[in-house]
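K.L.:
Turn this into a structure:
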Amino acid sequence: MSSSFNAPPVPPSDEIDLVALFQAVWQQKILILATTLLVGLVAVIYVFSVTPEYQVSSVLRPAAINELDALNRSDVYKLPPGDALIKVGASLESYDTRLGFFRANQTLFKAFERPGRTLEQSFEEFNRKSITLVLPDSKKADSLSAYIKLGMEYPKGVDGVAILNGFIAYAVAMERIQISKDLAVIVKNRLNELNGKMNAARASYETDKEAKIALLTEKDVLNRALLHDELKALRARLKTQRADRITQLNESIGIAKSLGIRKPATPSSLGDSDRGASSNMIRTEINNQAIPLYFMGVEALEAERAALERRKSDDFTEARIAEIAKEFQLLQANRQIEVLNSRENEDIFLGGVEPLRTEEARLKNLNIDMSRLKLVTIDQQALEPLNPIFPKKSLVIALGLFLGCLLGVAIALVRMAIASRRNAAVRTAFPTPSAAIEQKESEVKAG
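P.N.:
Below you'll find the model as predicted:
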């Protein structure tokens, strides 16, 4: 910088002479160049001394329908691809999921640890500044636009690619485990529900069985009582009939004795005997009227009476009594009750439980390989970035050179302004002859 810099004379009017101004600035081009280079050097030093920051991103999209077909066809857990993507997105945004990944992979986060900080405090710094989640516009209903973008900014020395890809895999695995737990709980609850229905069916069967046995037992008791009453009534009737027959025989015996009928006879034979008919004649009598009992003769009637009086039971004279005895024998044991009580596996007799057994067997044999369940499709994995996002070296250096140039021009203008004021003060204190003459003429004109 030369100290012999002379500012150009200031024009008498208020207008700025741009040419003169440019010439004055150009005279200080070395100053401007030096300032530009100095600021540019500062920018270069800053660029190469600051820690670079990088950015990686990964894009997740809904899985194909066939990837979730086994789970959806189970009729236990419905999970459309869009809902699976939302679940994974919620897991990626979950504080617990991020903290769990941070704890499980502390070697990847050494750069975020600071002396005197707890693990949770170090994680809070990472969680607040590093990972961002971008969702599609909710106003767009097109399923083709469904995606989740996960971005991460990290300083040099951090394996951001491993962190981001590992975090996505961890979140998907955690969500897969959660779905597996939910599925197990749902299956267990449904099995408990089916078991409850089976128990209800068993209780209903037992109740029906006991009621049926009670009805059969009651029916047997009633039949025994009815048969006993019928047998008693039959025996009383037979006894009465026997007494009536004896009375009838007594009366007939008296008549036969009075008529002198000892042997069986007929009314016609009795009349012929009075006329002395031939003894070698055989008569045949046809009569549609009942012959009185006394014609049987005293001997036959007395023999029948004696037999009736010696009789101790009239049961053999009534066929129904034998039938009643047979029915009593059958009622001694109810084979239907014995069969009901001898059933060993009563579940096979339960009614309306076939669908329950089918569903129970299906749920118990339900085998979904959750380790192969693909919840989302990773459309774009995180890759090692080529350039840092901060600082932009060329941009920072160019901006430093530009600001240095502006600063040099500003310094040049300031120096020019200071020199102009100094020259004006010198001219005022020590005017030249021409300036004195002009000043005198101006005073005369003014006077």
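K.L.:
Going by C-alpha atoms from here, please, whenever you check contacts or count neighbours.
P.N.:
OK.
K.L.:
which strands and helices sit next to the longest helix along the chain?
P.N.:
What stands out as the longest helix in the chain, according to DSSP state H, is helix 160-259. If contacts are counted by 3 or more Cα pairs under 8 Å, 6 or more residues apart in numbering; DSSP states H and E, helix 160-259 sits against strand 53-62, helix 81-93, helix 95-104, strand 148-155, helix 298-310, helix 319-330, helix 335-341, helix 354-364.
K.L.:
Can you add distance to residue 269, mean neighbour count and mean pLDDT and give these back as a markdown table?
P.N.:
Shown next, in a markdown table, are the helices and strands packed on helix 160-259 (distance: least, Cα to Cα, whole Å; neighbours: other Cα atoms under 10 Å; pLDDT from 0 to 100):
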| stretch | distance to residue 269 | mean neighbour count | mean pLDDT |
| --- | --- | --- | --- |
| strand 53-62 | 125 | 21 | 91 |
| helix 81-93 | 120 | 20 | 91 |
| helix 95-104 | 130 | 16 | 90 |
| strand 148-155 | 132 | 20 | 89 |
| helix 298-310 | 16 | 16 | 91 |
| helix 319-330 | 37 | 14 | 92 |
| helix 335-341 | 63 | 12 | 91 |
| helix 354-364 | 87 | 13 | 91 |
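K.L.:
Can you give me the buried ones in the host helix or strand of residue 404?
P.N.:
Secondary structure assignment for residue 404, by DSSP states H and E: helix 393-429. Residues of helix 393-429 classed as buried by neighbour count (16 or more other Cα atoms under 10 Å): 393, 396-397, 400-405, 407-409, 411-413, 415-416, 419-420, 423.
K.L.:
still on that earlier bit, so for residue 229, which of the helices and strands packed on helix 160-259 sits nearest?
P.N.:
If you check each of the helices and strands packed on helix 160-259 against residue 229 by Cα to Cα, helix 319-330 wins as the nearest, at 10.5 Å.
K.L.:
With just CA atoms, put that closest one into PDB.
P.N.:
What follows is helix 319-330, C-alpha atoms only, in PDB (Å, rounded to 0.1, in the frame of the first residue of the first chain):
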ATOM      1  CA  ALA A 319    -102.500-114.100  29.500                       C
ATOM      2  CA  ARG A 320    -102.000-110.400  30.300                       C
ATOM      3  CA  ILE A 321    -100.500-111.300  33.700                       C
ATOM      4  CA  ALA A 322     -97.700-113.200  31.900                       C
ATOM      5  CA  GLU A 323     -97.100-110.200  29.700                       C
ATOM      6  CA  ILE A 324     -97.000-107.900  32.800                       C
ATOM      7  CA  ALA A 325     -94.400-110.200  34.300                       C
ATOM      8  CA  LYS A 326     -92.300-110.000  31.200                       C
ATOM      9  CA  GLU A 327     -92.600-106.200  31.200                       C
ATOM     10  CA  PHE A 328     -91.500-106.200  34.900                       C
ATOM     11  CA  GLN A 329     -88.500-108.200  33.900                       C
ATOM     12  CA  LEU A 330     -87.600-105.800  31.200                       C
END
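K.L.:
tell me the SS of the spatially most central residue of the chain?
P.N.:
Taking Cα atoms, centre = their mean, the centroid of the chain lies closest to residue 77, which sits 4.7 Å from it. Secondary structure assignment for residue 77 (DSSP: H, G, I helix; E, B strand; the rest coil): coil.
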